[in-house]
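Asks: Could you work out the structure for the sequence below:
(chains A and B)
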Amino acid sequence: MGDDFRQMHRQEKKPGRRVILPRDDRAETPVPEATGEDSREPSGAGTEFGMPDGIGSRNEAGERRRARIKKRAKANGHTGDQAGEELIDDQNWNKQLKVFGWVAIGIFVASLFFLPADAGVQTGEAARNAIENQVSTSLSAGAILMTSDEMLAAQDHTITHQSDQDTTRIKVWDYAAEDGDFVQILYNGAPYTDPFMIKHKPREITVPSVGEVQIRGTRDGGGGITYAVLYELNGTIYFNSTGEGEHNTYTLIRE
Amino acid sequence: MRNFLLNALAILYFLVLMVPSILMLLLVVLFMLTDIYLVLKIGYPRSNAWIFMVSLFSLIVGISTLVPAFRRMYRIFPWLFACVRMFLYNLLILSAALWLVNYGYEVQNDARHGLFAVITILLIVICRLAMSIYFHYRPARFAGGDGNDGR
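Replies: The predicted model follows:
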């Protein structure tokens, strides 16, 4: 009888479909009626319901579930065969829930990588000096100084260097609130990049090492356009601000 | 006593976390669709903060299906599992679309805008179709149903 049931169970394993044999076919398989005894028997109880020994009896929780199903089947006046189906249904159901649960946890973990970065605001002495002087050589790229946009004075700078390279890299980021400020890099007055949104994560751009690099504000997300720019030529960060349509000039001079 | 505590915990979890989450999700889906529309219309990215809801909801739902005591709520409310699955997948699709369109519009360039607008719309359409096909072959069934109940 157990073999017959395994045969049935195998037919059910078609993905996504639960095939119940026609009533006539089932009638040919002799299945004992549920006795309705107290259902806390150890393994082997499943055979009473046309279940192969072992299914659902791996642990106490399985036994309790089996007992619940057996009681429910008795209360509903179900035959042993129907109770067996209920048990399979219950197991499939729990399996589906578990699989979905792990999928949900996987989505949770994956989604953490896409959340807006909440970089910590620096409050040390270097940060205080940076706010005061608007220049820093001790902070690193991506340093956040404020949680909300507070306009520092707009400043132009002259950078003197001895680099023999034709180009240099700059990193631009928002040192205050990441609120959708947009800036554009100009070189000698001509657009050098498309306007881009400044975020806490620095955006790296390669610019010529001699000439006038200008950073123009193209959109204020609120509270003014606040940005920091690190020049690799001298390893210095300039904390600056500008308005929409205005710009700051960085004059690069090779000695 | 243990059963009573577990049941109380399950009820508390359902009322305090599941119900508000499901209600919020209805709004979040609308907010996300509005955000995507506004990005395409105005040409500037919006906040990705709604993606936080995906994290939160998937965690709440994940715990509710993995903890045996909480799983009972899906038996008591047979429609809940189907509802939660569809909500989560739907939210996932919209979050991906919002993130993508925001990423595309971070740089002001017409060609880039056009490309990302098309990719975003295609993403939503293709994912929704894939979701429909998936649920056609693997119906979101109700508890104890035979696979057709949840259609």
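Asks: can you pull the contacts of the closest residue to residue B:81 other than its chain neighbours?
Replies: Nearest residue to residue B:81, sequence neighbours excluded (CB to CB, 6 or more residues apart in numbering or on different chains): residue B:74, at 4.8 Å. The way it works is simple: take the backbone N, C-alpha and C, and place the C-beta from them, glycine included. For residue B:74, the contacting residues are A:97, B:64, B:65, B:80, B:81, B:143, by CB atoms under 8 Å, 6 or more residues apart in numbering or on different chains.
Asks: Kindly indicate the member of those residues with the most neighbours.
Replies: residue B:64 (27 neighbours; other CB atoms under 10 Å in any protein chain shown).
Asks: Mind checking if the strand or helix carrying that residue is in reach of chain A?
Replies: Taking DSSP states H and E as the criterion, residue B:64 maps to helix B:51-66. Yes. Using CB under 8 Å from any CB of the partner chain, helix B:51-66 reaches chain A at B:51, B:52, B:54, B:55, B:58, B:59, B:61, B:62, B:63, B:64, B:65, B:66.
Asks: hang on, residue A:185 is in a strand, isn't it?
Replies: Yes. The assignment for residue A:185 (DSSP: H, G, I helix; E, B strand; the rest coil) places it in a strand.
Asks: so it touches residue A:205, yeah?
Replies: Yes. With contact defined as CB atoms under 8 Å, residue A:185 reaches residue A:205; the gap is 5.8 Å.
Asks: more crowded one of those two?
Replies: residue A:185 (22 against 16).
Asks: So what's the residue count around the nearest residue in space to residue B:46 that is not next to it in sequence?
Replies: Nearest residue to residue B:46 in three dimensions, chain neighbours excluded: residue B:35, at 4.5 Å (CB to CB, 6+ apart). Residues contacting residue B:35 under the criterion other CB under 10 Å number 21.
Asks: Contacts only, for residue A:208.
Replies: A:166, A:167, A:168, A:187, A:252.
Asks: same deal with residue B:52?
Replies: Residue B:52 touches residue A:115, counting by CB under 8 Å, 6+ apart.
Asks: So for it, what's the pLDDT?
Replies: What the model reports for residue B:52 is a pLDDT of 83.
Asks: where does the stretch 151-255 of chain A have low pLDDT?
Replies: Residues of the stretch 151-255 of chain A that meet the criterion pLDDT under 70 are absent altogether.
Asks: Enumerate the residues of chain B near chain A.
Replies: Counting by CB under 8 Å from any CB, the residues of chain B near chain A are B:44-49, B:51-52, B:54-55, B:58-59, B:61-66, B:68, B:71, B:74, B:81, B:85, B:88, B:92, B:95, B:99, B:106-109, B:112, B:137-139, B:143-144, B:146-147.
Asks: Now, of the contacts of residue A:208, which are buried?
Replies: A:168, A:252 (16 or more other CB atoms under 10 Å in any protein chain shown).
Asks: ranges for the helices of chain B?
Replies: Using DSSP state H, the helices of chain B run over B:2-13, B:19-42, B:51-66, B:68-76, B:80-104, B:110-137.
Asks: Excluding its own residues, what touches the second one? List them.
Replies: Counting by CB under 8 Å, 6+ apart, the neighbours of helix B:19-42 from elsewhere in the structure are B:45-47, B:50, B:53, B:56-57, B:60-61, B:83-84, B:87, B:90-91, B:94-95, B:97-98, B:101-102, B:105, B:117, B:120.
Asks: can you tell me the helix or strand for residue A:71?
Replies: helix A:60-75.
Asks: do residue A:204 as well
Replies: strand A:203-208.
Asks: Paired strands for that strand, with orientation please.
Replies: Strands adjacent to strand A:203-208 in the sheet, as given by DSSP bridges, are strand A:167-173 (antiparallel).
Asks: residues of the partner strand that come out buried?
Replies: So strand A:167-173, judged by 16+ other CB under 10 Å, has buried residues A:168, A:170, A:171, A:172, A:173.
Asks: how about it as PDB, C-alpha atoms only?
Replies: Extracted C-alpha coordinates of strand A:167-173, given in PDB (Å, rounded to 0.1, in the frame of the first residue of the first chain):
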ATOM      1  CA  THR A 167      45.600  65.700 -16.800                       C
ATOM      2  CA  THR A 168      44.600  65.300 -13.200                       C
ATOM      3  CA  ARG A 169      41.700  63.700 -11.300                       C
ATOM      4  CA  ILE A 170      39.200  65.600  -9.200                       C
ATOM      5  CA  LYS A 171      36.500  64.100  -7.000                       C
ATOM      6  CA  VAL A 172      33.300  66.000  -6.400                       C
ATOM      7  CA  TRP A 173      30.700  65.200  -3.800                       C
END
